[in-house]
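Visitor: what follows is a predicted structure for the sequence shown.
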Amino acid sequence: MGEEATASSLDEALPASAAFADAGAWAQALEQGRWLFAQPCTFVMGCVGMDRLPQHPLVEVAFAGRSNVGKSSLVNALTGRKTLARASNTPGRTQELNFFRLGPQADETAGLMMVDLPGYGFARAPRDQVARWNRLVMAYLQGRSPLRRVCLLIDSRHGLKANDREVMTMLDTAAVNYQVILTKADKLGPTQARATHAAVAAEVSRRVAAHPDVLLTSADKGLGVPELRAQLAALAGLRVA
Ligand SMILES: Nc1nc2c(ncn2[C@@H]2O[C@H](COP(=O)(O)OP(=O)(O)OP(=O)(O)O)[C@@H](O)[C@H]2O)c(=O)[nH]1
Ligand SMILES: [Mg+2]
């Protein structure tokens, strides 16, 4: 993983964040994000059904998206750990709902529960197994009460696809808050990245349950990672210790 850069160093046209009142509030959120994601992060459990999901007092955030979009890699980049979540080039690597607790050891009520989900769409696995993962992911996304935000990952080279739009519609209908995160930005030039970002942001702005900020990220280069940490720390409602 390379040195981290803020999104503005690649693309100065991207606003810092539309969701924060001013530059001071955004700077504070960045610091809270840095602090939170420097806390210990531990694997809690993997779940293959809705009946055994963990109970906890934390804000829960899930990472969803098509197979191979970079969900597990982004969880690793956020936490600065290369192998916390298993990533691979084979679509269908993540096969369970994997729960990770991030937060100070001394206070079990502070922090964030992050859930790395199996991908939807194509995966190199038997068809009935893929159908089972899809059903599980959709049931989780619609029916999980501690879930406060879905980070919906989209490959920046491909933009929104039909099944991404189906998931967005499902989340809009279920009134589940989601934020679109463009991944693998290191594979695009700045002009192309800016164009994709603008197109996706325009479409997302018409969605009722979508967060106004569309983030451009690279798990490989760390691009946009401090910004996403800031957004998630703000959601967790943490104060820097
Ligand atoms: N260049 C580049 N490659 C990335 C980036 N993020 C992920 N990848 C690669 O994309 C592939 C898939 O990454 P994963 O993190 O396993 O994707 P996933 O969405 O968790 O995949 P499933 O669990 O199979 O749904 C791996 O080969 C990663 O190394 C990135 O920011 N830049
Ligand atoms: Mg994965």
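Guide: Arrived safely. Residues are numbered from 1 along each chain as shown. Ligands and ions are numbered 1, 2, ... in the order given.

Visitor: who are the contact partners of the residue of the chain found nearest ligand 1?
Guide: Of all residues in the chain, the one sitting closest to ligand 1 is Gly119 (2.6 Å; Cβ to the nearest ligand atom). Where C-beta positions appear, they are placed from N, C-alpha and C, glycine not excepted. Counting by Cβ atoms under 8 Å, 6 or more residues apart in numbering, Gly119 makes contact with 65-69, 71, 91-92, 94, 133.

Visitor: now, of these, which are buried?
Guide: Neighbour counting over the contacts of Gly119 (16 or more other Cβ atoms under 10 Å) leaves 65-69, 71, 91-92, 94, 133 as the buried ones.

Visitor: give the contact list for the spatially closest residue to Lys187 that is not a sequence neighbour.
Guide: Among residues not flanking Lys187 along the chain, Arg157 sits closest, at 5.7 Å (Cβ to Cβ, 6 or more residues apart in numbering). Counting by Cβ under 8 Å, 6+ apart, Arg157 touches 184, 187-188, 196.

Visitor: around ligand 1, which positions in this protein sit nearby?
Guide: Counting by Cβ under 6 Å from any ligand atom, the chain comes close to ligand 1 at 65, 67-73, 87-89, 91-94, 118-119, 183-184, 186-187, 218-220.

Visitor: and ligand 2, which of the residues you listed reach it?
Guide: Among the residues of the chain next to ligand 1, the ones lying near ligand 2 by Cβ under 5 Å from the ion are 71-72, 93-94.

Visitor: what average pLDDT does stretch 201-211 get?
Guide: Regarding stretch 201-211, the rounded mean pLDDT is 96.

Visitor: cool, and stretch 135-153?
Guide: Here the average pLDDT along stretch 135-153 is 96.

Visitor: and what of stretch 163-170?
Guide: 96.

Visitor: got the CA positions of it in PDB?
Guide: C-alpha atoms of stretch 163-170 as PDB (Å, rounded to 0.1, in the frame of the first residue of the first chain):
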ATOM      1  CA  ASN A 163     -27.500  -4.500 -10.700                       C
ATOM      2  CA  ASP A 164     -26.000  -1.500  -8.800                       C
ATOM      3  CA  ARG A 165     -29.100   0.500  -9.800                       C
ATOM      4  CA  GLU A 166     -31.300  -2.300  -8.500                       C
ATOM      5  CA  VAL A 167     -29.500  -2.300  -5.200                       C
ATOM      6  CA  MET A 168     -29.800   1.500  -5.000                       C
ATOM      7  CA  THR A 169     -33.500   1.300  -5.600                       C
ATOM      8  CA  MET A 170     -33.900  -1.400  -3.000                       C
END
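
Visitor: tell me which residues of it are tucked away?
Guide: Buried, per 16+ other Cβ under 10 Å, within stretch 163-170: 164, 167-168.

Visitor: could you do stretch 32-39 as well?
Guide: 32-33, 35-37, 39.

Visitor: please flag which of those residues sit within helices.
Guide: Members of the buried residues of stretch 32-39 lying in helices (criterion: DSSP state H): 32-33, 35-36.

Visitor: most widely separated two among those?
Guide: Among those, the pair separated by the greatest distance (Cβ to Cβ) is Gly33 and Trp35, at 7.2 Å.

Visitor: still on that earlier bit, turn the buried ones among the contacts of Gly119 into a markdown table, columns for distance to Gly143 and secondary structure.
Guide: Below are the buried ones among the contacts of Gly119 laid out as a markdown table (distance: Cβ to Cβ, whole Å; DSSP: H, G, I helix; E, B strand; the rest coil):
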| residue | distance to Gly143 | secondary structure |
| --- | --- | --- |
| Gly65 | 19 | strand |
| Arg66 | 21 | strand |
| Ser67 | 22 | coil |
| Asn68 | 26 | coil |
| Val69 | 23 | coil |
| Lys71 | 20 | helix |
| Pro91 | 25 | coil |
| Gly92 | 23 | coil |
| Thr94 | 20 | coil |
| Trp133 | 16 | helix |
